[in-house]
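In: Provide a 3D model corresponding to the input given below.
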Amino acid sequence: LTATNTGPGNINLDELNGANVLDVNATDGNATVTTTTGGLAVTAVTANGGTATLTAAAGAITDANGAANNIAATNLVATAATGIDLDTTVATLTAVNTAGAITLNEADGAAVLNVATTGDATVTSATGNLDVTTVTATGGTATLTATTGAITDANLAPANNVTATSLVATAATGISLDTTITNLTATNTTAGDIAVREFNALTIAGTGVATQGGNGGIDVTAGGTLTVNSVVTADGSGAVNLTAAGGGALALNADVTSATGNLTLAADAGIAMAEALATLGDVSLNADADGNGAGAVTDADVADETEV
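Out: Down below sits the predicted model:
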C-alpha cells in the first residue's frame, strides 16, 4: 500500500488480506489502515497533526524497516491480534494486542495512554519522558525505559499504572508508578527518585532497585508482604524507605544500602533480617507499624543495623 494526500483530509484504507504498508502519508489529517485478516508490515505511516490508526484484526502489526521510524503522527492507535512492533515519533501511544508481545520504540517521549497485551509489553523512549496512564502485560513483563528522561504517573495516585507479573523500569531522571505486579526491578541512572506504590504483595527481584546518581532516594510500598530478594541501593545521601503495609511482613534477603542516607523499614507483621543494612545515616526499624502487637524484628544483626 502506498497512498499520499497532499492537502487537508484523511486517508482510510481497508485491506482484506494483509499488506505491506510502504508509505501512507496524510499531509494534514488522519491516516487509517485496517486489515480483517493477515498482518500489516509497516514501513512508514504519517499523519501530520492527526492520528495514525492501524488495525490488524487477526494478525500482527510489524516493523518492516528495521530501526528506522515507522509512525509519525500526533497520536498512534494500534490494535492487533498477534503482536505489535513499531518505531514511533508521536505524542500519545495507545496499543492493544490480544496475545503476543508489544514493542514500541519512541523517539522523543510520549504519553502512554494505554498499552495492553497478554504477554510482554515494552515501551522505550530514546529522549523525553514516558508519562504512563496504563500499561498491562498479563502474565508477562512490562519493560519501561526512558533513556534520558523520567517515567511518570500520568493518572495520579491511587489509580493503577502498571499491571503485570514483572515490571522492569529504567529512567534517567525519576520513576513514579502505582503498580499491580509481583516482581519489581527499577533503576534510575542520573538524578531523581524512585517511588513505587504496589497494591498487593511485592518482591524486589532481578538487579534490584537502585538510584545511581543525584542523591536519589528510594521509596517502595507494598500493600502486603514485601520481600527483598535483590539489593536496594540509594546514591549518596539518598534515603531508602521500604514499607510492608496491609498486614504484611518485610523479608530482607538482600542488602539495603545508602552512602549517607537514612534507611527506614516498616512492616505491620514483622521484619525478618537475613542480610545487612549499611549507611552512615540513621536506621529506623518499625516491625509493628499498624500497632496491633503482631510484629517483631527477627534474626537481626545489630552491628549491621547501625551506622557503618
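
In: confidence score at residue 101?
Out: What the model reports for residue 101 is a pLDDT of 98.

In: Same question for the one 10 residues further on.
Out: What the model reports as pLDDT for residue 111 is 98.

In: again, but for the one 5 residues further on
Out: Model confidence at residue 116, given as pLDDT, is 98.

In: That one - how many residues pack around it?
Out: Residue 116: 17 surrounding residues under other C-beta atoms under 10 Å. To be clear about C-beta, it is placed using only N, CA and C from the backbone, and glycine gets the same treatment.

In: Dihedrals phi and psi, it?
Out: Main-chain dihedrals, residue 116, degrees, to the nearest 10: phi -140, psi 130.

In: Let me know whether it touches residue 99 as I believe.
Out: No - with contacts defined as C-beta atoms under 8 Å, residue 116 does not count as touching residue 99, sitting 11.3 Å away.

In: Check the burial of residue 293 by counting its neighbours.
Out: Quick note: residue 293 (other C-beta under 10 Å) scores 7 neighbours.

In: Repeat that for residue 9.
Out: 13.

In: again, but for the one 3 residues further on
Out: For residue 12, the tally of surrounding residues (other C-beta under 10 Å) stands at 13.

In: Quickly list what the residue lying closest to it once chain neighbours are set aside is bridged to.
Out: Leaving aside its chain neighbours, residue 12 sits nearest to residue 32 (4.8 Å; criterion: C-beta to C-beta, 6 or more residues apart in numbering). On the basis of DSSP bridges, residue 32 is bridged to residue 12, residue 53.

In: wait, doesn't residue 32 sit right on residue 10?
Out: Yes - using C-beta under 8 Å, residue 32 is in contact with residue 10, at 7.0 Å.

In: what separates residue 271 from residue 254, distance-wise?
Out: Using C-beta to C-beta, to the nearest Å, we find residue 271 at a distance of 14 Å from residue 254.

In: can you check residue 15 too?
Out: Using C-beta to C-beta, residue 15 is found at 52 Å from residue 254.

In: Next: residue 30.
Out: The value you get for residue 30 to residue 254, if C-beta to C-beta is used, is 50 Å.

In: What of residue 194?
Out: Residue 194 is 16 Å from residue 254, where distance means C-beta to C-beta.

In: ditto for residue 42
Out: According to C-beta to C-beta, residue 42 and residue 254 sit 43 Å apart.

In: Compare neighbour counts for those two and give me the winner.
Out: The residue with more neighbours, out of residue 42 and residue 254, is residue 42; 29 against 19, by other C-beta under 10 Å.

In: Can you name the residues bridging to the more buried one?
Out: Beta-bridge partners of residue 42, as defined by DSSP bridges: residue 21, residue 63.

In: okay, now residue 122: neighbour count?
Out: Residue 122: 20 surrounding residues under other C-beta under 10 Å.

In: so it makes contact with residue 130?
Out: No - at 11.4 Å, residue 122 and residue 130 do not qualify as touching, with contact defined as C-beta under 8 Å.

In: Now for these two: what residues contact both?
Out: Residues touching both residue 122 and residue 130 (C-beta atoms under 8 Å, 6 or more residues apart in numbering): 144-145.

In: Name the residues of stretch 264-276 that are buried.
Out: Residues of stretch 264-276 classed as buried under the neighbour-count rule (16 or more other C-beta atoms under 10 Å) are 264-273, 275.

In: ok, the residue nearest to residue 12 - contacts?
Out: Counted by C-beta under 8 Å, 6+ apart, residue 32 has contacts 10-13, 52-55.
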